[in-house]
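Visitor: Any chance you can model this:
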Amino acid sequence: MNGNGNGSIGVIIEARLTSSRLPRKHLLLANQTTILSTMIRRLKLLDRIDRIILAIPSGLENNELRSIAEFEKIECYEGSEKNVMHRVLHAAKAFEIDIICEITGDCPIIDLSLVDESLDYFLENEFDYVNNGRTGLPDGMGCQIFRTKTLEKSFALASSNEHYEHVTLHIRENPEIFSTFYLPTKQEYIYPKLRLTLDYEEDYLLIKNIIEEFTDKNLEFSLADILSFLRKNDFDISSEKNKV
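Guide: Down below sits the predicted model:
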């Protein structure tokens, strides 16, 4: 257990291989490594994390994700494909996680300092839920932090398939039940139209370029590093569509 007195902290990564827009996207390569492996190796640099858990749908079609978890020596939990709320909750309970830092597998180049900042705010305050991705950060830089017992309460109260599909939607829709806080974004990081998330082919090409630029030199590259790289290469960081 982490020595912070708040309980064990786990990053839970949600991933699946059946995306219709970009199938098997987590297995795409950048610098001769799967994008998911790069994400896991970066998250291992977070000092206060007790466990990293890959939460995947059960079934043979996700065997390759399970193999990556084994190779990278992290935990793997298999659960419902469509009831992602149940999958994340039971992944946390299976590995005795008290505080969940939820990051989807679509965010492979999330800035680790932004995760640390969100964790700091959560641990130093009394909110049920902290989210850093709603006030202007580029898509792909967001994380959500909440206690397992909060998600358990939300799961007991949730009643729609939409709630089950989107892990924290019920929490966010019920501020009278759950205290929520949205971290403000620093002015220099406000690029809400910039896509640094993995959802389409053009996203992959951009993320691949970024990973190949930095990982050999500095696996802990930041959003500031990414923005500087994009500017130097004349990438329109205010555009709604990635063009590499």
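
Visitor: Model confidence for the residue most central in space within the chain, exactly?
Guide: The residue lying closest to the centre of the chain (C-alpha atoms, centre = their mean) is Ile103, at 1.6 Å. On pLDDT, Ile103 comes in at 98.

Visitor: swap in the one 5 residues further on?
Guide: At Pro108, the predicted lDDT confidence score is 98.

Visitor: next one: Lys241
Guide: You'll see Lys241 listed with a pLDDT of 53.

Visitor: can you pull out the helices in the chain?
Guide: Ranges of helices in the chain, per DSSP state H, are 35-43, 63-71, 84-94, 112-124, 148-157, 161-165, 169-173, 201-214, 223-232.

Visitor: Give me the residues contacting the fifth one.
Guide: Going back to what we said before, that points to helix 148-157. If you take C-beta atoms under 8 Å, 6 or more residues apart in numbering as the criterion, helix 148-157 is touched by 85-86, 88-89, 92-93, 97-100, 128-129, 163, 167-168, 170-171, 174, 177-178. C-beta coordinates here come from the backbone N, C-alpha and C atoms, glycine included.

Visitor: Restricted to buried residues, select those residues in ChimeraX.
Guide: Those of the contacts of helix 148-157 that count as buried under 16 or more other C-beta atoms under 10 Å are selected in ChimeraX with:
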select :85,86,88,89,92,97,98,99,100,128,129,163,167,168,170,171,178
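
Visitor: Isn't Ile211 up against Thr38?
Guide: Yes - counting by C-beta atoms under 8 Å, Thr38 is a contact partner of Ile211 at 5.7 Å.
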